[in-house]
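[1] Please find the sequence and the predicted model below.
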Amino acid sequence: MFESGESTFLAGKLPMRAIPAEVTALIEPFMHRRRFAAGQFLMQQGDTAKSIMVLDEGVVEIFTTDESGTRQHINKGSRGDVLGEMALLSGEPRSASVLALSDVKALVLPAERFHELAHDHPALSVVLTKLVADRLAGSGPDVLHGKTFHDYRIVRRLGRGGMSIVYEAIDPNGQHVALKMMSHSLVYDDFGREQFEREVRAIESLNHENIVRVFGRFAAFHSFFMIMEHCRGANLSEVIKYNGPLPEEEIQKIVGQLAAAVLAAHDSGLVHRDIKPANIMLVPEGTVKLMDFGLAAPVIDESLSEYAKHVVGTPRYMAPEQLAGKPAGFPADYFSFGAVVYELLTGKPLFAERKLSRLRKRHALWNFPDYDVLRPTKNEWSRQLLAECLIRDPQKRRPDLKAIAKWAASVDAGMLPGGNADTGKTGWEDETIME
């Protein structure tokens, strides 16, 4: 237990200072101080979570050990760092070991006390789930590598975004799949959680060769997982970066396949609302696949949706009405569709700006770009398509997706970066926002 005058320790430490002072005051009486000698384990990988700790003095190393016994350094911890929150929240065995590099003093809160306090004071769980989210989404080694959830063994982290982290995994039959895990930062966020669940429902309702498939879902690790088709290849953002402007005959094939995907979503009553090169994969077989339906919404419910209160999407690909926070129907997808075509043709995004304030000014003064200056062409199809999509008035955007979908054909996979058939790592790392 604490001596008089020690009760301010937790309140002054990140991330604990995000917890209301009255909750911190309730936690501290249940904590006790424990000493560890240099070389002694504070926690070991695979153990059941019996406590959570806050370092008071000393330095520790956090590391994992794989099946072959190879040790992977993750990080070092020092005064004020929280240890053991991941296993405590998820109910899973500890994912890493913590070893004292010097003599260490730690403040220990038993697991049963933590759960009692978290039940009565949700702010405690909220702070720790955000800490878990930050650690899983960090640039360091992946602590879930080699872990198994619902018989799916995680192989590597493919990418991360604001709402999820995507892993490559092996299913019970030995097939490779993608596991999309909802970010722990959304566990207590009703709007964010609904977005994740909406994506599952949206893709499960679709069955199209140009849309990434969903095979199921499950709850684990204090979060939710979506089991998805694992697409090897590269997203179009990477393809453009590698090749520059693409040949028009290949663009026409890509656009045809993309139109087929968008049409399938629209025929099911869904607006994608985040069509952009990074959300479109080119696989080695020459097929284009539209992915990431995290912002998709039924068009008939748009005016009543919670989404109408938020600006959601990737700003530089948004339609003017979407950027203004107005309901986004099928015409919003048409504008984003046109922005993708423009980037494929020119090698440059339609808007160079990234900040919302600057983009809104550009949209307010919107004029159709002088496309012929950037890429002189004799192909009327591209000029006409851009003119039908990149219009400020959503009611005047009327591309014939059915006709465009007839252009669909196998794309030359030789455009994949370096000829590598598995470079889609950053396809899940995006600029999607919720404002």
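    Ah, there it is. Numbers count the residues shown, from 1 in each chain.

[2] And for residue 342, nearest residue in space, chain neighbours not counted?
    residue 350 (4.8 Å; CB to CB, 6 or more residues apart in numbering). C-beta: built from backbone N, CA, C; applies to glycine.

[3] In this structure that neighbour contacts residue 341, no?
    No. In this structure, residue 350 is not within contact of residue 341 by CB atoms under 8 Å, at 9.4 Å.

[4] how about the helices in the stretch 151-300 of the chain?
    In the stretch 151-300 of the chain, the helices defined using DSSP state H, counting those that start in this stretch lie at 190-204, 236-243, 248-267.

[5] would you turn these into a markdown table with mean neighbour count, mean pLDDT and distance to residue 281?
    Shown next, in a markdown table, are the helices of the stretch 151-300 of the chain (neighbours: other CB atoms under 10 Å; pLDDT from 0 to 100; distance: least, CB to CB, whole Å):
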| stretch | mean neighbour count | mean pLDDT | distance to residue 281 |
| --- | --- | --- | --- |
| helix 190-204 | 18 | 76 | 14 |
| helix 236-243 | 20 | 95 | 8 |
| helix 248-267 | 21 | 96 | 11 |
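
[6] In TSV: those helices, plus distance to residue 360.
    Below are the helices of the stretch 151-300 of the chain laid out as TSV (distance: least, CB to CB, whole Å):
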stretch	distance to residue 360
helix 190-204	22
helix 236-243	23
helix 248-267	25
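
[7] closest to residue 386 out of the ones you listed?
    Closest approach to residue 386 among the helices of the stretch 151-300 of the chain (CB to CB): helix 248-267, 10.8 Å.

[8] And that closest one, what does it pack against?
    strand 280-282, strand 288-290, helix 330-346, helix 380-389, helix 401-405 (3 or more CB pairs under 8 Å, 6 or more residues apart in numbering; DSSP states H and E).

[9] Mind doing that once more with 6 Å?
    When contacts are defined as 3 or more CB pairs under 6 Å, 6 or more residues apart in numbering; DSSP states H and E, helix 248-267 packs onto strand 288-290, helix 330-346, helix 401-405.

[10] which other residues reach that helix?
    If you take CB atoms under 6 Å, 6 or more residues apart in numbering as the criterion, helix 248-267 is touched by 208, 210-211, 272, 288, 290, 330, 333, 341, 344, 379, 401, 404-405, 407-409, 411-412.

[11] Please spell out the PyMOL selection for the buried subset of those residues.
    Buried members of those, defined by 16 or more other CB atoms under 10 Å, are picked up in PyMOL with:
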select buried, resi 208+210+211+272+288+290+330+333+341+344+401+404+405+407+408+411
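
[12] Please settle this for me: is residue 134 part of a strand?
    No. Applying DSSP: H, G, I helix; E, B strand; the rest coil, one finds residue 134 to be helix, outside a strand.

[13] How many residues are close by it?
    Using other CB atoms under 10 Å, residue 134 has 13 other residues around it.

[14] which stretches of this protein have low pLDDT?
    1-23, 133, 137-141, 162, 294-313, 367, 369-378, 419-435 (pLDDT under 70).

[15] at 80 what do you get?
    Where the chain drops to pLDDT under 80, the residues are 1-26, 118-119, 121-143, 160-163, 184-203, 205, 293-313, 352-379, 418-435.

[16] Could you point out the longest strand of it?
    What stands out as the longest strand in the chain, according to DSSP state E, is strand 152-160.

[17] Please identify the pairing partners of it and their relative orientation?
    The sheet places strand 152-160 alongside strand 148-149 (antiparallel), strand 164-170 (antiparallel), with pairing taken from DSSP bridges.

[18] contacting residues around the shortest one?
    Contacts made with strand 148-149 from outside it, assessed by CB under 6 Å, 6+ apart, are listed as residue 220.

[19] Three-state assignment for the nearest residue to residue 93 once chain neighbours are set aside, please.
    Of all residues not flanking residue 93 in the chain, residue 46 sits nearest, at 4.9 Å (CB to CB, 6+ apart). With three-state DSSP as the basis, residue 46 sits in coil.
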